[in-house]
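[1] here is the input, now give the coordinates:
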Amino acid sequence: MEYIQSLLTDAAHLRMIYIIVLSIFVGIEVIEKVPTILHTPLMSGANAIHGVVIIGSIIVMGQAASDDILIMILGFLAVVFGTLNVVGGFVVTDRMLEMFKKKK
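    Numbers count the residues shown, from 1 in each chain. Modelled structure (predicted):
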């Protein structure tokens, strides 16, 4: 608990938390405004971005000290959620592309 309190009292960490919260709200606003026709290309772009997130979180976890549990937990969650998003994106993209194939 002391570790979390020290993170919240440090000004640099507090700015990072503000940036993350702001990026969440901006992301939600941007995604709500996307027309239906652009969902497939957007999903492909999201797959590429989340591939980078997975690699980045693995690198961060590898560089973290073994006693830093918070970084390990957040890195593991980033890997899990990034992987789920990539796989789900490919499934949705595949299903959408199946709609354009001619039926026999």
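[2] for the helix or strand hosting Asp94, give the mean pLDDT please.
    Taking DSSP states H and E as the definition, Asp94 sits inside helix 69-98. In this model, helix 69-98 has a mean pLDDT of 85.
[3] that helix: how far from the chain's middle?
    In terms of CA atoms, centre = their mean, to the nearest Å, the centre of helix 69-98 is set 7 Å apart from its chain centre.
[4] report the buried residues of that helix.
    Buried residues in helix 69-98, counted by 16 or more other CB atoms under 10 Å: 75, 78-79, 82, 85-86, 89, 93. All C-beta atoms are positioned from the backbone trio N, CA, C, and that covers glycine.
[5] quick one, domains of the protein?
    1-33, 37-104 (automatic domain parsing).
[6] highest average neighbour count across the ones you listed?
    domain 37-104 (a mean of 13; mean count of other CB atoms under 10 Å).
[7] distance between that one and the chain's centre?
    Using CA atoms, centre = their mean, the offset of domain 37-104 from its chain centre is 7 Å.
[8] let's have the buried residues of helix 69-98 in a markdown table, adding distance to Pro41.
    Shown next, in a markdown table, are the buried residues of helix 69-98 (distance: CB to CB, whole Å):
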| residue | distance to Pro41 |
| --- | --- |
| Gly75 | 29 |
| Ala78 | 24 |
| Val79 | 25 |
| Gly82 | 20 |
| Asn85 | 16 |
| Val86 | 16 |
| Gly89 | 11 |
| Thr93 | 9 |
